[in-house]
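>>> quick one, structure for this:
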Amino acid sequence: MKAFAYHQPKTVADAVRLLSQRGTMAIAGGQDILGAMKDGLFEPEHLVNLKSLPGLGDIKETSTGLQIGALVTLSDIAEHPVIRRDYTALAEAAEAVATLQIRNVGTIGGNLCQRPRCWYFRDPHVHCLKKGGDQCYAVRGDNRYHAIISPGPCYIVHPSDCAPALVALGAKVTIVGAKGTRTVALKEFFQMPDKNLKGENVLQPGEVVTQITVPRPKAGTRSTYLKVREKDSFDWALVSAAVVLQMQGEVCRAASVVLGGVAPVPYESPSAAKVLVGKPITVQAATAAGKAAVGQATPLEHNAYKVPLAEAVVKRAVLAAAGVR
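Just a heads-up that it's a prediction; the model follows:
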């Protein structure tokens, strides 16, 4: 690992000032960046510890919803009684991340901002398109874990479990930088590679996520997060689905279906939601939603299995959210 200077700012303003300098990266729980630094993928000259910042580690319940500091740990989110009761998809998503030891130190901000797990991107000896090279090696290479829905030219999948749940719940993020504070809908925070090839979100140099705001669910809202992975232990999603349903009796009045593991961003499917709205949630409706969710899929050579898998995951998540057995 290359030597670096370590900074512990006492305020967000200090952190922004430090992060605005070239060759600087932020660290919170460190579960992503430290491994990448040891592998030689990132070699920052300065590392800025965000965990020392006050006021970003709290969960606050307000009259309009939840305010979650970016430094709140995944374990705290998974175990929070209000989140488990009213924002179930988020609690289930946080609980699905990695292992208990990692969830105890990993932060929600870090989970949303982590870099792709693509093995070509993570290999320091491969100069892929995302790192300034001339091609995405997944297109003709081993692409079994890559995107089935992407405009190209890069076929990563977003690795966050919490992101699909938060997008489905209508969350927003607060971003602080040298030019001030801004709030962005989470579904607009993430960016496809045709818009931002070298990054995955709208963060500019020196900017940090400080808070996630989740609106209070309307009456009759139910949600769930379902993840399918290759290993039962520490693994990323092959396919995941966050489903939020607003029910009035047996009829669905509003719906949100967001997939993970299939696209470079958490993939929201209005087509799947449209299938459900105005109808009772039945096995037939859930099956139709699953098919609609992957209607835009164009799998690569080795990952076509994700299409029927995504259909099944969405179907199961819709039925689980509605309480249909």
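>>> can you tell me the centre-most residue of this protein?
Note on the chain: the residue nearest the mean C-alpha position is Ala163, at 2.6 Å, using Cα atoms, centre = their mean.
>>> and that one, what element?
Secondary structure from DSSP states H and E places Ala163 in helix 162-168.
>>> now Val307
helix 306-322.
>>> domain parsing for the protein?
1-50, 59-113+157-215, 221-322 (automatic domain parsing).
>>> closest to Asp123 out of those domains?
Closest approach to Asp123 among the domains of the chain is made by domain 1-50 (8.2 Å; Cβ to Cβ). Quick note: C-beta positions are derived from backbone N, CA and C, even for glycine.
>>> what's the first-to-last distance across that closest one?
21 Å (Cα to Cα, to the nearest Å).
>>> show me how far it is from its chain's centre.
21 Å (Cα atoms, centre = their mean, to the nearest Å).
>>> start the count at 23, not 1, going forward
I'll keep to 23 as the first residue from here, and by that count the last item is domain 23-72.
>>> how about the helices of the stretch 223-347 of the chain, start to end?
292-298, 305-315, 328-344 (DSSP state H, counting those that start in this stretch).
>>> distance to Trp141, mean pLDDT and mean neighbour count for those helices - can I get that in JSON lines?
Putting the helices of the stretch 223-347 of the chain into JSON lines (distance: least, Cβ to Cβ, whole Å; pLDDT from 0 to 100; neighbours: other Cβ atoms under 10 Å) gives the following:
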{"stretch": "helix 292-298", "distance to Trp141": "30", "mean pLDDT": "98", "mean neighbour count": "20"}
{"stretch": "helix 305-315", "distance to Trp141": "26", "mean pLDDT": "98", "mean neighbour count": "21"}
{"stretch": "helix 328-344", "distance to Trp141": "17", "mean pLDDT": "98", "mean neighbour count": "23"}
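>>> roughly how far apart are Tyr247 and Lys82?
Distance from Tyr247 to Lys82, counting by Cβ to Cβ, to the nearest Å: 22 Å.
>>> er, Ile90 I mean
8 Å.
>>> tell me which of these two has more neighbours.
More crowded of Ile90 and Lys82, by other Cβ atoms under 10 Å: Ile90, with 28 against 11.
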